[in-house]
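J.: any chance you can model this:
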Amino acid sequence: MSVDTAGTSAVVGFGWVTYGLLTARPYVSLATGASAVTFTLIALTALRYGREVRELRITPLWFAVLSLGAVLAGTNGLGLILPVSVLVANVPQLWIAWREDNLADLSLGTWLLSVSDGLVGEMYALIRHDIPILVFGLLQLATSGLIVGLKVGRKATQKARMER
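T.: Model (predicted):
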């Protein structure tokens with residue numbers, strides 16, 4: 001996983017925690033808080049084992065964007081910015097997956113979990129009529145689904161090459 005993706009996902013997770021607190025939706029805060037802590041640990045572990053802080057390009061920028069949105073526009077600002085955050089968090093990993101032929105180090109399980117996160121977000125948003133979470137879920141499904149598709153497709157291509 002891209003350390004920038006993990007770092008940005010952590011920032012986005014904490015943004016959703018804030019959104020959940022501001023909108024009195026404790027389940028949003030609990031679920032996204034757990035995910036934010038997980039992504040923080042992933043990013044810290046990656047940095048500990050060889051990734052470099054300079055790889056965190058989007059993470060500090062997106063932290064500033066979310067903070068500014070929250071300060072200037074409160075819940076409405078977060079509600080507008082957070083759904084786009086999934087693109088900011090996942091596109092670096094999608095870019096890496098697109099460029100590299102060998103995705104053996106890319107965890108299929110992580111991205112299947114991300115797909116399920118989008119599905120759960122969609123179900124919750126439909127029940128609670130929460131447009132920001134609905135948009136988030138759609139974007140999460142799309143980007144994570146593409147990453148899963150690249151992983152599975154590249155694996156099948158490599159297997160076919162080896163069988164020749």
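J.: helix, strand or coil for L72?
T.: Three-state assignment for L72 (DSSP: H, G, I helix; E, B strand; the rest coil): helix.
J.: just the helices in this structure please.
T.: Counting by DSSP state H, residue ranges of the helices within the chain are 3-22, 26-48, 58-99, 108-128, 131-163.
J.: Serialize these to a markdown table and add fields for mean neighbour count.
T.: To be clear about C-beta, it is placed using only N, CA and C from the backbone, and glycine gets the same treatment. Putting the helices of the chain into a markdown table (neighbours: other Cβ atoms under 10 Å) gives the following:
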| stretch | mean neighbour count |
| --- | --- |
| helix 3-22 | 24 |
| helix 26-48 | 17 |
| helix 58-99 | 18 |
| helix 108-128 | 16 |
| helix 131-163 | 16 |
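J.: want to try CSV for those, with mean pLDDT as columns?
T.: Output for the helices of the chain, formatted as CSV (pLDDT from 0 to 100):
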stretch, mean pLDDT
helix 3-22, 92
helix 26-48, 93
helix 58-99, 92
helix 108-128, 92
helix 131-163, 91
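J.: next one: stretch 64-83 to chain centre, how far?
T.: Stretch 64-83 has its average C-alpha position 17 Å from the chain's average C-alpha position, going by Cα atoms, centre = their mean, to the nearest Å.
J.: same question for stretch 17-34.
T.: Taking Cα atoms, centre = their mean, one finds the center of stretch 17-34 at 16 Å from the center of the full chain.
J.: repeat for stretch 56-68
T.: Distance, centroid of stretch 56-68 to centroid of chain: 14 Å (Cα atoms, centre = their mean).
J.: residues making contact with it?
T.: 3-4, 7-8, 10-12, 15, 43, 78, 81-82, 85, 88-89, 92 (Cβ atoms under 8 Å, 6 or more residues apart in numbering).
J.: try it again with 6 Å
T.: D4, G7, T8, V11, G15, I81, V88 (Cβ atoms under 6 Å, 6 or more residues apart in numbering).
J.: now stretch 22-39
T.: Stretch 22-39 has contacts (Cβ under 6 Å, 6+ apart) with A6, S9, A10, G13, F14, W16, V17, G20, L21, T75.
J.: tell me which two of those residues sit farthest apart.
T.: In the contacts of stretch 22-39, two members sit farther apart than any others by Cβ to Cβ. They are A6 and T75, at 26.4 Å.
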